[in-house]
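> just to be clear, the model below is a prediction. Sequence and coordinates:
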Amino acid sequence: MSNDTEDMTPAEMLYAGIVMTRPLLRNITSRLEADLDGTGVGVGERAILEVLVSVPQATGPEITQMLQVTRQLVGRLLKEMIERGLLKTIPNPKHRTSHYYTLTKESRDLIEEIRATEMARIGEFAACFTPEEIRAYYAVQKKLDAVMTQGYDGQ
């Protein structure tokens with residue numbers, strides 16, 4: 001595989017992009033951690049807060065499925081967040097032993113502030129690309145995730 005992208009086939013270039021994913025994810029996580037410094041929440045808690053901004057309420061298993069992480073991690077974070085007053089629970093009429101998680105006013109304000117800061121920075125970065133490039137990036141990421149989840153036969 002060549003280092004000069006002009007000499008790469010589309011498959012080689014896509015592979016090179018996939019290889020960059022692991023360090024990219026580490027760098028994104030490091031940037032999130034640094035940007036969350038002083039907010040009182042970590043990366044995992046931020047992810048849960050973001051889920052609960054997009055849906056008014058969710059069970060632990062629903063949050064786990066949306067985040068695609070382990071049930072144990074989500075369970076531990078939910079418990080800690082309730083203890084710290086970042087989340088509250090409400091009864092789940094479908095199950096006596098289960099409940100929904102929802103944001104408190106304070107946590108809603110906090111995640112909205114965090115997201116506003118992030119979106120301002122992403123908006124500056126997005127200005128480096130055309131709308132078509134961003135749409136293409138999104139389409140490739142979405143298809144790549146589907147292929148990695150379902151396998152190549154699921155195309």
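Received, thanks. Numbers count the residues shown, from 1 in each chain.

> which element is D145 on?
D145 is part of helix 131-150 when elements are defined by DSSP states H and E.

> in contact with T89, which residues?
Going by Cβ atoms under 8 Å, 6 or more residues apart in numbering, T89 touches 82, 99-102. C-beta: built from backbone N, CA, C; applies to glycine.

> wait, which of these is closest to E112?
Closest approach to E112 among the contacts of T89 (Cβ to Cβ): T102, at 14.7 Å.

> now stretch 132-144, how far from the centre of its chain.
Put simply, stretch 132-144 sits 16 Å off its chain's centre (Cα atoms, centre = their mean, to the nearest Å).

> right, I mislabeled it, should have said stretch 43-62
Relative to its parent chain, stretch 43-62 has a centroid offset of 10 Å by Cα atoms, centre = their mean.

> how about stretch 105-124?
Stretch 105-124 has its C-alpha centroid displaced from the chain centroid by 14 Å (Cα atoms, centre = their mean).

> any low-confidence regions in this structure?
1-3, 154-155 (pLDDT under 70).

> if we can go back for a sec, what helices or strands is the helix holding D145 leaning on?
Using 3 or more Cβ pairs under 8 Å, 6 or more residues apart in numbering; DSSP states H and E as the contact test, the elements touching helix 131-150 are helix 10-19.

> the helix it packs on vs helix 131-150, what angle?
Between helix 10-19 and helix 131-150, the angle comes out at 80 degrees (axes from the mean of the first three to the mean of the last three Cα atoms, to 10 degrees).

> who touches whichever strand or helix holds A47?
A47 belongs to helix 43-54 when assigned by DSSP H and E. Applying Cβ under 8 Å, 6+ apart, the contact partners of helix 43-54 are 29, 32-33, 36, 41, 58, 63, 66-67, 69, 73-74, 77-78, 80-81, 86-87, 101-103, 107-108, 110-112, 114-115.

> in it, what's buried?
Of the residues in helix 43-54, 44-49, 51-52 count as buried by neighbour count, 16 or more other Cβ atoms under 10 Å.

> quick check: what element follows it along the chain?
From helix 43-54, the next helix or strand downstream (DSSP H and E) is helix 60-67.

> buried residues in that following helix?
60, 63-64, 66-67.

> could those go into TSV alongside distance to P10?
Output for these, formatted as TSV (distance: Cβ to Cβ, whole Å):
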residue	distance to P10
G60	42
I63	37
T64	36
M66	32
L67	32
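
> let me know the closest of those to R121.
Distance to R121, by Cβ to Cβ, is smallest for L67 among the buried residues of helix 60-67, at 22.2 Å.
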